[in-house]
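Asks: I would like to see how this sequence folds:
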Amino acid sequence: MDFFGFLGSYGLRLDEKGRLVLPAKWRAELAEGLVITKGQERCLFVYTVEGFRQRAAELRTSSTNDKRARDFQRFFFSGASDEVADRQGRVTIPAGLRAYAGLDREVQVIGANGHVEVWDAAAWAEFESSHEGSYADISEDFLP
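Replies: Residues are numbered from 1 along each chain as shown. This is a model prediction of the structure:
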């Protein structure tokens with residue numbers, strides 16, 4: 001099967017060691033390793049190693065004279081952690097990243113095309129509920 005990007009939404013649980021079992025559909029893409037970092041709206045972004053390399057290359061093109069670009073890069077890269085899933089498809093989410101995203105036990109893992117997002121389940125439900133009505137309006141603002 002061809003890889004069309006990360007798709008779908010999965011309600012999952014972290015175990016007592018802060019590990020997440022990756023959805024089976026995504027394990028092959030993430031088998032060589034992954035990078036977890038801070039995302040917007042207090043979620044975590046999970047990239048394939050290659051996806052993170054591409055994102056890092058894009059960010060290198062921003063001007064170091066731009067304070068907002070510097071601040072973004074500091075936040076994005078200082079929180080990043082490279083990980084490898086174990087044989088059961090479990091990946092440890094570092095404590096600092098769990099704290100940033102408010103992850104305790106119940107999480108929602110969503111496909112976001114080029115990356116995965118990990119949300120506290122309640123925070124995702126609130127985000128989804130508050131943005132569902134404006135879904136059509138949002139697309140008109142930035143889609144060709």
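Asks: going forward, measure contacts between C-alpha atoms and count neighbours the same way
Replies: Noted.
Asks: measure Asp66 to Leu59 for me?
Replies: As defined by CA to CA, to the nearest Å, Asp66 lies at a distance of 12 Å from Leu59.
Asks: ok, these two, which is more surrounded?
Replies: Using other CA atoms under 10 Å as the criterion, Asp66 and Leu59 rank with Leu59 on top: 15 against 9.
Asks: Contact partners for the more buried one?
Replies: By CA atoms under 8 Å, 6 or more residues apart in numbering, the contact set of Leu59 is Gln73.
Asks: Thr48 too?
Replies: Counting by CA under 8 Å, 6+ apart, Thr48 has contacts 29-30, 32-35, 115.
Asks: could you redo the last one with a cut-off of 6 Å?
Replies: By CA atoms under 6 Å, 6 or more residues apart in numbering, Thr48 lies in contact with 30, 34.
Asks: Can you name the residues bridging to it?
Replies: Leu34 (DSSP bridges).
Asks: how near is it to Arg55?
Replies: 10 Å.
Asks: do the same with Gly33
Replies: For Gly33, the distance to Arg55 - CA to CA - is 16 Å.
Asks: The two - which one has more neighbours?
Replies: A count of neighbours by other CA under 10 Å puts Gly33 above the other of Gly33 and Arg55, at 18 against 13.
Asks: which residue is nearest the centroid of this structure?
Replies: With distances taken as CA atoms, centre = their mean, Phe45 lies nearest the centre of the chain, 1.8 Å away.
Asks: if I read this right, that residue contacts Gly39, doesn't it?
Replies: Yes. Contact criterion CA atoms under 6 Å: Phe45 and Gly39 qualify, at 5.1 Å.
Asks: got the contact list for Arg53?
Replies: No contacts exist for Arg53 under CA under 6 Å, 6+ apart.
Asks: Secondary structure element holding it?
Replies: Taking DSSP states H and E as the criterion, Arg53 maps to helix 49-60.
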